[in-house]
Structures are given as C-alpha cells and as structure tokens.
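Q: This is a predicted model, with the sequence first.
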Amino acid sequence: MRLSQYILPTQKEDPSDAQVSSHRLMIRAGLIRKEAAGMYAYLPAGLRALRKVTAIVKEEMDKAGAMECLMPELTSADLWKESGRWESMGPEMFRIRDRNSMEYALGPTHEEAFTALVRSVVSSYKDLPVNVYQINTKFRDEIRPRFGVIRSKEFIMKDAYSFDVDQNGLDLSYDKMASAYRAIFDRCGLETIPVQADSGTMGGSASEEFMVASEVGEETLLICRECGYSANQEKAGFKREDNVAGEVAELREVHTPNIKTIDDLAAFFKCEKKVFLKTIVFVADGEAVVAVVTGDRDINETKLKSFLGAAELEQADDKTVESVTGSAVGFAGPVNCDAKRIVFDYGVAQVQGAITGANKTDYHFAGVHPGRDFVISEEADIVEAIDGDLCPECGKPMITRKGIEVGHIFKLGKKYTESMKVNVLDNNGKAVVPLMGCYGIGVTRTLAAVIEQHHDEKGLIWPKAVAPFDVHLVGIGKSEGEKAAIDEVYTALLSDGLEVLYDDRKLSPGVKFADADLLGLPVRITCGKSYFQDGELEIKIRKTGEQLTVKPDVLAKKIREIIAGLDRE
RNA sequence: CGGGGUGUGGCGCAGUCCGGUAGCGCACCUGGUUUGGGACCAGGGGGCCGAAGGUUCGAAUCCUUUCGCCCCGACCA
C-alpha cells in the first residue's frame, strides 16, 4: 500500500480526551477516530489489525470444533421475555420500537438468540454437542464509556455457546474453550492471567476470566505468587488469620455526637479500626438485610449478593436505614437489632470488646462481645480481599494487580435451556435439558489490550501476528530515477507476498521515520542514500531498535527470518 | 444520577476575571530552496467562538436555559 494514497491520519500531538496509552496511540497512529462518546470508527490500518485478531479468533475457534454463525443485531423483545431478561436486564440494554410499536433490543449479548436457534435445530442427543459462535457487534448503554475502545457503547465481541447433554460433556466443551482461549491470546502476543471469577447474574457454576495485566485495568485481581491462585477481587477468598482483636470488657454506652464514620470513630476512641463493627443496611430483592464486618474491611457486595442468593442488592437509602435501626444513619449496630436477616463476616467473631453503633442517634456501644451481646445468626465471607491477605489455597500473602478483562468463559448450566424450554431425547427416549456454556472475547478490547502491552514512548510496537502490515518501507529518493528504484523494491516485496506499507510521500525523512515509529510495524526498511550508492537496504527492527543492511536479492528472505524470530521470549 | 472540569479553524491551545467584532503552534494550499530523525523563505485559505434566549450602542467575554465531551464517584457480566 502506498502511503500517499492511503488514509493514515497520524497526529503529532496527543488527543486531549485520551487518558490511556492504547486510546492515545490508536488515535495518534490513525487507527481509529472518535465518532461520539463510546463510539469509534476504524480507519483502514486499524481495521487491518482488527481483522488479524478476528482471523486468529476464528481459526482457533474452528480448530476447537465451534461453528461460526451470524445472528441479527436486532433482537425481538419476545426472545428476551422468554428468558425473563427483558425485565432483569436493566438500562444497559438499548431498546427500540419499530413503526408498529414492536419492541426490540440491540443485542448486548446473544444467549437467548443462540438458545432459540439451537432449540430449533436439535432434537436428539445425537445432535449434541454443538458449539456455535459469532463475531459481531454488541451494544451496551454503558453508564460511562471510557478508555477509548476498552469500554465503549458499541464493540465487537466473539461470543460462543456450547450445548451438551450432560455435565461431562459441558466440562469437556468448557475445557476446550479454555485451551482455545489460551491459544488465541498467546497468538495475539498477549500475556493473560486466567482468574477465577464470580459467575454473577449469569448463573452457573464455573467461570474463568482472562485478564491482561494493566495499570488501566478496571478489575482488581488477587494473585498468589506461591501457588498460582488468582481470582477477581469480586470473588477472591482469603485465609483468615486467627488472632482475636480487642480486650474483654463490659458493655457500655458512649455518647458519640455526630461521629459516624470509622475514621472519625477510630480517632475518637483512639483504637484500631478492626475493633469496630461496621454495620451496613442493604436492600436485597426488596427486603432489608443488615451486614456486619470489622471496621478495617470493606464489604464485597458481590459476595454478599451471592451468599444471599439475591438478584438485586443495593445499599439502603437513609429512610430505610432509619426505619431498620431506629436511629440516624451512622449509628447502626448488631446489638438489639431487630432486622430479619443479619449476615456477619467471619472476622466479626474474632473481635472482643468491640465498638459498634447503638441503634440510637449519637450513641455507640463499647465492650461489645459477639455471642454475649448479640447472636451470630448467619456467618459468611462478605468482605473484600486486599493486598497482603493470605492465599486461600496455600496461606501465603497475595498481591493485587489491575487487569483488563479480554475474555470470559462460563458454565451456564440450564439457566437458559430450561427457561427457554430446550430439550432433546436421550438414548432412552427421555427428554433432557441440555447444559450450556458461554464464552466471550472482547475483540476490539483485545486489540486495545495488545497495544497497552506493546508500546513505548515513540509509539506502537505490534506483535507480528496482529500488525496491520509486516513491513514499513521508507523511501528517501530525490530524483525520478531514485523513486523508480524504490518502487522496484516495493514491488519486489509485494510479489514476495509480504504486506508492505510504502511511504512514498513527499516529506522529509524525519517525518517518515517518526510516523514509522508511531505506527510500529515490526520491520522498517529504509531505501535511500546507501541503496543508491552501495546497493544496501537498511532494516530496522521496531521492537529492539536493531539495525542491519542487506542486498536487495536477500531482503525478503531476511525480513521473513526476522519476523519469524520476533515475539519469542 | 451526584461532584468537578471543559467546549474558540482539522489537531493542541491562548483570549473570558476587567465587553469594543478573534489569535498562536501544528496541519493544509501555492511558489521556491531543501532532503537520513518531526526543514526553511515568501505568499495564502479556513472559525456565525457548542446551541438558544437575554442584558448592552456593542457579547467569545456578563446573565439564563440547554447540549456535547472529559475526570472522580455511584452504577455495571
């Protein structure tokens, strides 16, 4: 491709609205343009890179036995009503009506669509297993799109759905996807960390996320370097240290005017935060529920929600808190609390002489003992694991890392096949409900993640497999004869099957070199002075900065060697 | 949805406090000189200052409303 005839609008300056490297560089290197918040256009070079990623995804999916389909983006409300998600999905689903007022959603995900499709084509256990997938645009009305293509309102996702007659089959399908995912991310040049994840509202048992470690990641992971345990903070457990905090004391009421937060209380009582019992009121599926944790910990709402088995969980508003505790917000406590359900974190039992709200405005209790002053009715792990907590597997301290979620695989079980009445006959002629798995890869986000992991201060450094072109040919010729000679080099590389971006623009060399560094193709060839004088072409490897010169007859061969050797550690 | 910020040529910004009809750098066009790490000289084109309303002799600037965008939070497979 001749750059003089190509759209590659590179920019010298960073766009003012880009915060993260991938976003900044994708704009600057002319790969994408913003259309509106959370909506991006892919320009030719950006699309080429995106196609490389999708090609890898396809190849590995097909290799794992999955079959590509293409589902409509417009999905009828009826489909969603079958599974119940028309109601439960919430405002992140774009809903529209046609001229006859028929309701539709722009597909945010396609469990229903694929389940309905498979339902219509399978009838016997002999038809299973099947694994169907598509690479298609998803629409989600994100509360806050950000980080360019990493969290946008419209993005490309590969979503696959497996259907099996029994648990064994599902396990097998799931494992196949798990290894296909490893191969996909590996080929894209991405280092991913597979982590255990909460299966959330999707239901189902096992769930694994593929995270790319990155400062700008929106998820926090807990990782044990000792035994390899890794989990999303939403789900991560940790081993409790067994030492009792606080000292034995008599229960007494203390006047604490307007002192509500743990920080204020710690200052007032001059004690460690962990001897306080933090008591928070939630509303779970419409019912008030009280959660109690030690003052040094944050409640993990995902854990609480899954312990309660609730579909919806939110912090109670002030009015609800007042009616549950009989006091102003900030003075809730487990003593004399008449809430129907109180969930205690495991850490609570280890505190004695605790300080906690008295359910009376401007008063706290000190010297509170679990068991003596209140009953631990329900106990669970409902707090967030943090950096330094002990690994639940091996007991060694864990570290935290930020990560971008690029893939997620789930064992869904019968959640959709049951509600949408899918069944097949087994070998006894009896109807059985197939078990489902679902497997997603954020394709556009994967591209951004690749860039997050592969760039320097000058620009991108593409891994070979996803680079929009193999070679960046920089021509520095003055006379017509020189230009013709460079054209010949270009043509020769093309006929050798290499993907070449040829900078034939009438610009000064510095500009061309800077653009080449910015776009970051694996190999740069400079064809200029040394070629016209000594017949030597210069090769520069973007990743290492290494330079060498070769004669034109071995150029293509040398390039192939270099590219083949790239991305090896 | 709450808090904060911002909107001025394609991009990055100044001008707004203190009202007088818009400027800088980059990019772009023409001619010339240049050409191995973001060249130089000369000339040139392009903006109803996010939108609407108001105050005023006069508004990018003051007031009101509104919209977009960005950040933090809430929220969110």
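A: Yep, it's here.

Q: Show me the domain layout of chain A.
A: A:9-227+A:401-451, A:252-380, A:469-565 (automatic domain parsing).

Q: Let me have these in a markdown table, extended by mean neighbour count and distance to residue A:237.
A: Bear in mind the C-beta positions are built from the backbone N, C-alpha and C, glycine included. Shown next, in a markdown table, are the domains of chain A (neighbours: other C-beta atoms under 10 Å; distance: least, C-beta to C-beta, whole Å):
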| stretch | mean neighbour count | distance to residue A:237 |
| --- | --- | --- |
| domain A:9-227+A:401-451 | 19 | 9 |
| domain A:252-380 | 18 | 9 |
| domain A:469-565 | 17 | 40 |
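
Q: would you say residue A:177 is within a strand?
A: No: applying DSSP: H, G, I helix; E, B strand; the rest coil, one finds residue A:177 to be helix, outside a strand.

Q: Could you find the closest non-adjacent residue to it?
A: residue A:439 (4.6 Å; C-beta to C-beta, 6 or more residues apart in numbering).

Q: pretty sure that neighbour is in a helix, no?
A: No: counting by three-state DSSP, residue A:439 falls outside a helix, being strand.

Q: and it, bridged to which residues?
A: residue A:160, residue A:409 (DSSP bridges).

Q: contacting residues for it?
A: If you count contacts by C-beta atoms under 8 Å, 6 or more residues apart in numbering, residue A:439 has them with A:133, A:159-162, A:177, A:181, A:407-410.

Q: hey, C-alpha coordinates of stretch A:158-177 in PDB?
A: Written as PDB, here are the backbone C-alpha positions of stretch A:158-177 (Å, rounded to 0.1, in the frame of the first residue of the first chain):
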ATOM      1  CA  LYS A 158     -16.800 -13.100  19.800                       C
ATOM      2  CA  ASP A 159     -19.500 -15.000  21.600                       C
ATOM      3  CA  ALA A 160     -19.800 -18.800  21.600                       C
ATOM      4  CA  TYR A 161     -22.300 -21.000  23.200                       C
ATOM      5  CA  SER A 162     -22.000 -24.700  23.800                       C
ATOM      6  CA  PHE A 163     -24.800 -27.200  24.300                       C
ATOM      7  CA  ASP A 164     -24.200 -30.700  25.800                       C
ATOM      8  CA  VAL A 165     -26.400 -33.500  27.000                       C
ATOM      9  CA  ASP A 166     -24.700 -33.900  30.400                       C
ATOM     10  CA  GLN A 167     -22.200 -32.400  32.800                       C
ATOM     11  CA  ASN A 168     -19.400 -34.500  31.400                       C
ATOM     12  CA  GLY A 169     -20.000 -33.000  28.000                       C
ATOM     13  CA  LEU A 170     -20.200 -29.500  29.400                       C
ATOM     14  CA  ASP A 171     -16.900 -29.900  31.200                       C
ATOM     15  CA  LEU A 172     -15.300 -31.100  28.000                       C
ATOM     16  CA  SER A 173     -16.700 -28.200  26.000                       C
ATOM     17  CA  TYR A 174     -15.600 -25.800  28.600                       C
ATOM     18  CA  ASP A 175     -12.100 -27.200  28.800                       C
ATOM     19  CA  LYS A 176     -11.800 -27.000  25.000                       C
ATOM     20  CA  MET A 177     -12.700 -23.300  25.100                       C
END
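
Q: Tell me if it is near RNA strand B.
A: No: counting by C-beta under 7 Å from any atom of the strand, RNA strand B has no neighbours in stretch A:158-177; the shortest distance is 7.7 Å.

Q: What mean pLDDT does that stretch get?
A: Average pLDDT, stretch A:158-177: 96.

Q: on that earlier part again, any chance of the domains of chain A in a markdown table, with distance to residue A:234 too?
A: Below are the domains of chain A laid out as a markdown table (distance: least, C-beta to C-beta, whole Å):
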| stretch | distance to residue A:234 |
| --- | --- |
| domain A:9-227+A:401-451 | 4 |
| domain A:252-380 | 4 |
| domain A:469-565 | 34 |
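
Q: Any idea which of those domains gets closest to residue A:387?
A: Residue A:387 sits nearest to domain A:9-227+A:401-451 of all the domains of chain A, at 7.9 Å, using C-beta to C-beta.

Q: ends of that closest one, how far apart?
A: Terminal residues of domain A:9-227+A:401-451 are spaced 18 Å apart (C-alpha to C-alpha, to the nearest Å).

Q: Would you mind measuring from the residue lying closest to residue A:262 once chain neighbours are set aside to residue A:13?
A: Setting aside the residues directly before and after it, residue A:262 is nearest to residue A:295 in space (C-beta to C-beta, 6+ apart), at 4.4 Å. According to C-beta to C-beta, to the nearest Å, residue A:295 stands 48 Å off from residue A:13.

Q: Point out where the stretch 151-300 of chain A drops to low pLDDT.
A: Scanning the stretch 151-300 of chain A for pLDDT under 70 picks out A:198-205.

Q: what about the strands in it?
A: Assigned by DSSP state E, counting those that start in this stretch, the strands in the stretch 151-300 of chain A fall at A:154-164, A:192-196, A:207-213, A:219-223, A:230-232, A:252-255, A:276-284, A:287-294.

Q: Flag every residue of the stretch 1-150 of chain A that's near RNA strand B.
A: Residues of the stretch 1-150 of chain A lying close to RNA strand B (C-beta under 7 Å from any atom of the strand) are A:10-17, A:19, A:36-38, A:90, A:92, A:109, A:111, A:143-147.

Q: Among those residues, name the ones in strands.
A: Counting by DSSP state E, the part of these found in strands is residue A:36.

Q: Can you flag which of the residues of the stretch 1-150 of chain A next to RNA strand B belong to helices?
A: Among these, DSSP state H puts residue A:111 in helices.
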